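Novice: the following block contains a protein sequence and its predicted model.
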Amino acid sequence: MQVGSIVRSVHIAVPQGARGIVMRILGDMAMVAWYAGEPGTSLQLNTEPFFLEDLIDTGELVRPASAQMH
């Protein structure tokens, strides 16, 4: 998993069917921007920190405009 990875989660705080984009990774946590469906084509819900173990990497990757480059 890396910045720009599209993820899903079965965590109780994430609505079913929502997908997110990893914006930053800090240790064992990631800031994820969640969308109601497909990122970029559906309503953005919120941005929250999640443990990496609660995220499911879909294998898709985008480069969000607001992602910090190192």
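Specialist: That came through, no problem.
Novice: in this protein, where is pLDDT below threshold?
Specialist: For the chain, the stretches with pLDDT under 70 are 64-70.
Novice: can you show me the strands along it?
Specialist: Using DSSP state E, the strands found in the chain span residues 5-8, 19-26, 29-35, 44-51, 56-61.
Novice: and those strands as JSON lines, adding mean neighbour count?
Specialist: Every C-beta, even on glycine, is put in place using the N, C-alpha and C of the backbone. Putting these into JSON lines (neighbours: other CB atoms under 10 Å) gives the following:
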{"stretch": "strand 5-8", "mean neighbour count": "20"}
{"stretch": "strand 19-26", "mean neighbour count": "19"}
{"stretch": "strand 29-35", "mean neighbour count": "21"}
{"stretch": "strand 44-51", "mean neighbour count": "14"}
{"stretch": "strand 56-61", "mean neighbour count": "12"}
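Novice: could you pull up the residues touching D54?
Specialist: By CB atoms under 8 Å, 6 or more residues apart in numbering, the contact set of D54 is 9, 11.
Novice: brain fart, M31
Specialist: Contacts for M31 (CB under 8 Å, 6+ apart) come out as 22-25, 47-49.
Novice: how much space between A18 and G27?
Specialist: 24 Å (CB to CB, to the nearest Å).
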